[in-house]
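**Q** Sequence plus the predicted model coming up.
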Amino acid sequence: MNYKNNQKGYVVLIVTFFILIIMLSVALTMSSLILYEQKIATNVVKSTQSYYAAESGIEDALLILKRNPQLSPTSYTLNVNGTTASVTIPTIIGGARTITSQGNNNSVVKNIQTVYSIDSQGVSFHYGAQVGEGGLTMGSNSEIRGNVFADGNISGSGNITGNVIISGNGHSIDDTDVEGDVLAYSCLSSTNVGGNLTYVTGGLHTCAVDGSTSLQFNEVAEQGLPITQNQIDDWKAETASGTPKSAYTIGSNATVTEDSSVVITGNMSLGNNATWNLMGFTKVIGNLTIGSNARVNISGTLYVTGAIGFGSNSITQLSNSYGSQSGVILSDGIITVNNNSILRGSGQAGSYILILSTSSSSSAIGVGNNATGAIFYTNNGGVRINSNAIVREVTGYKVSLGSNVILKYETGLANIFFYSGPGGGWKVTNWLEQ
């Protein structure tokens with residue numbers, strides 16, 4: 001009997017032991033689950049705090065850039081209620097900055113990236129030269145490497161490598177060689193057409209044609225100029241909100257940098273070898289004179305209500321911030337580009353300076369000998385380009401090319417984007433969590 005009782009007690013002890021182990025395991029499991037849930041809840045809170053800290057970093061960077069769009073690359077940290085945001089503002093590449101912000105709350109990390117890009121307006125220049133009723137005159141050995149559209153006559157002993165279209169009744173091409181096709185009311189005897197000729201009923205056909213010749217009943221309809229008056233007005237308007245500043249002169253060999261957009265209420269003059277760094281939109285209420293060998297660096301639209309004179313051997317260029325975008329210099333007066341002046345974009349492909357005059361003068365834009373670069377545009381007046389100059393595109397009511405001028409059209413001009421838009425000309429184009 002005692003032996004059996006001892007056995008029963010031993011079994012009870014073992015069962016009790018295993019029950020205790022099971023209960024302990026259950027308790028440990030439940031504790032682990034509770035701790036895990038608490039950890040998840042804590043991490044969710046930390047993750048949320050990290051995300052909003054990263055977002056705050058992006059918003060802080062955008063505010064900084066709104067105040068100073070040309071800020072140099074920088075990195076900094078921002079404390080947001082005990083959570084750290086590490087912000088990186090990189091250099092401008094292709095007209096955009098890719099800003100990153102990392103929120104960190106006790107090693108719980110969230111990353112946000114946004115792309116801050118130059119706002120732009122698109123303009124398409126489909127022709128090497130587009131001319132109004134004033135017509136196109138080409139000097140000896142001048143050349144247009146591209147197509148031409150004219151609402152007036154084309155004449156002169158130059159050469160056009162592309163096609164020519166002339167609109168209107170009675171307008172003709174005379175004494176100009178064309179390597180491509182010609183569509184005009186009349187094609188006169190001194191012209192040589194390398195391609196095909198189409199002329200209009202009632203017009204004359206006395207030129208030499210290598211290809212076929214055909215006749216059409218109606219003359220070609222006129223085409224509007226590629227830049228609307230509304231767009232010109234927008235460019236002017238975005239320069240009006242700068243800080244007022246009296247007229248002043250930058251002395252020879254001096255360097256002046258504008259920290260932000262300015263409105264200069266009077267004539268502006270740069271001495272010889274002077275440098276003017278424009279860090280935003282600029283309006284000059286008066287005339288702007290740029291001395292010989294001076295340098296002008298542009299970071300925003302430049303609008304001059306009077307005349308503009310680019311001195312000989314001066315260099316006017318867009319800042320690197322433009323990337324592949326283009327910039328605008330416009331005037332309500334006469335623009336004179338003196339000998340050997342250089343007008344150029346940011347250095348990246350597709351970046352150009354548009355020189356635009358709203359003057360109705362027959363000499364609204366005059367380009368001196370050996371000047372290079374730029375797109376020249378007048379919506380009311382004439383453009384005169386003197387000997388040996390090299391330009392990208394020209395549009396005007398009347399255009400005259402001097403001897404040995406080369407107008408070299410580039411295919412990118414059919415899809416060109418100009419730096420524009422109020423509020424600094426920048427906008428957020430992408431925002432994502434990494």
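**A** On my side now, so go ahead. Please read all numbers here as calculations on a predicted model, not as lab measurements. Residues are numbered from 1 along each chain as shown.
**Q** What mean pLDDT does the helix or strand hosting residue 25 get?
**A** In the assignment (DSSP states H and E), residue 25 maps to helix 2-67. The pLDDT scores in helix 2-67 average 73.
**Q** what's the following helix or strand after it?
**A** Next in sequence after helix 2-67, counting helices and strands by DSSP H and E, comes strand 74-80.
**Q** Low-confidence stretches in this structure?
**A** Low-confidence segments of the chain (pLDDT under 70): 1-12, 15, 17, 27, 31-43, 70, 94-95, 119-120, 419-425.
**Q** which residue is nearest the middle of it?
**A** residue 325 (2.1 Å; CA atoms, centre = their mean).
**Q** That one against residue 426, yeah?
**A** No. Checked against CB atoms under 8 Å, the pair residue 325 and residue 426 is beyond contact range at 11.1 Å. C-beta coordinates here come from the backbone N, C-alpha and C atoms, glycine included.
**Q** shared neighbours, those two?
**A** Counting by CB atoms under 8 Å, 6 or more residues apart in numbering, the contacts common to residue 325 and residue 426 are residue 118.
**Q** And residue 68, how far from residue 90?
**A** Using CB to CB, to the nearest Å, residue 68 is found at 15 Å from residue 90.
**Q** Now stretch 241-254: buried residues?
**A** Under the neighbour-count criterion of 16 or more other CB atoms under 10 Å, stretch 241-254 has 242, 245, 250 buried.
**Q** swap in stretch 82-93?
**A** 83-89, 92.
**Q** Is it correct that residue 77 is in contact with residue 87?
**A** Yes. Residue 77 lies in contact with residue 87 (CB under 8 Å); the separation is 7.2 Å.
**Q** how near is the residue nearest to the centre of the chain to residue 74?
**A** Counting by CB to CB, the gap from residue 325 to residue 74 is 22 Å.
**Q** And for residue 283?
**A** Distance of residue 283 to residue 74, given as CB to CB: 29 Å.
**Q** Compare these two and say which one has the larger neighbour count.
**A** A direct count of neighbours by other CB atoms under 10 Å for residue 283 and residue 74 places residue 283 higher, at 23 against 12.
**Q** Give me the secondary structure label for that one.
**A** Here residue 283 is strand, with the state taken from DSSP: H, G, I helix; E, B strand; the rest coil.
**Q** Ok, the one 10 residues further on next?
**A** Under the three-state scheme (three-state DSSP), residue 293 adopts coil.
**Q** could you measure it against residue 308, distance?
**A** Counting by CB to CB, the gap from residue 293 to residue 308 is 17 Å.
**Q** more neighbours, these two?
**A** Using other CB under 10 Å as the criterion, residue 293 and residue 308 rank with residue 308 on top: 25 against 17.
**Q** Any idea what the more buried one is bridged to?
**A** residue 288, residue 335 (DSSP bridges).
**Q** If I follow the layout properly, residue 57 ends up in contact with residue 101?
**A** Yes. Using CB under 8 Å, residue 57 is in contact with residue 101, at 3.3 Å.
**Q** what touches both of these two?
**A** In contact with both residue 57 and residue 101: 85-87, 112, using CB under 8 Å, 6+ apart.
**Q** Okay, domains of this structure per the record?
**A** For the chain, automatic domain parsing gives the domain ranges 2-118, 121-125+223-419.
**Q** re earlier: which one of the buried residues of stretch 82-93 is nearest residue 187?
**A** residue 92 (49.7 Å; CB to CB).
**Q** Apart from its chain neighbours, what residue comes closest to residue 71?
**A** Sequence neighbours aside, residue 65 is the residue nearest to residue 71 in space, at 6.0 Å (criterion: CB to CB, 6 or more residues apart in numbering).
**Q** What about the one you found, how many residues nearby?
**A** Close neighbours of residue 65, defined as other CB under 10 Å, add up to 17.
**Q** For residue 113, see how far away it is.
**A** To residue 113, residue 65 is 15 Å away according to CB to CB.
**Q** ditto for residue 371
**A** Between residue 371 and residue 113 the distance is 43 Å, computed by CB to CB.
**Q** So those two - more neighbours on which side?
**A** residue 371 (26 against 17).
**Q** isn't that one right up against residue 342?
**A** Yes. With contacts counted by CB under 8 Å, residue 371 reaches residue 342, the gap being 7.4 Å.
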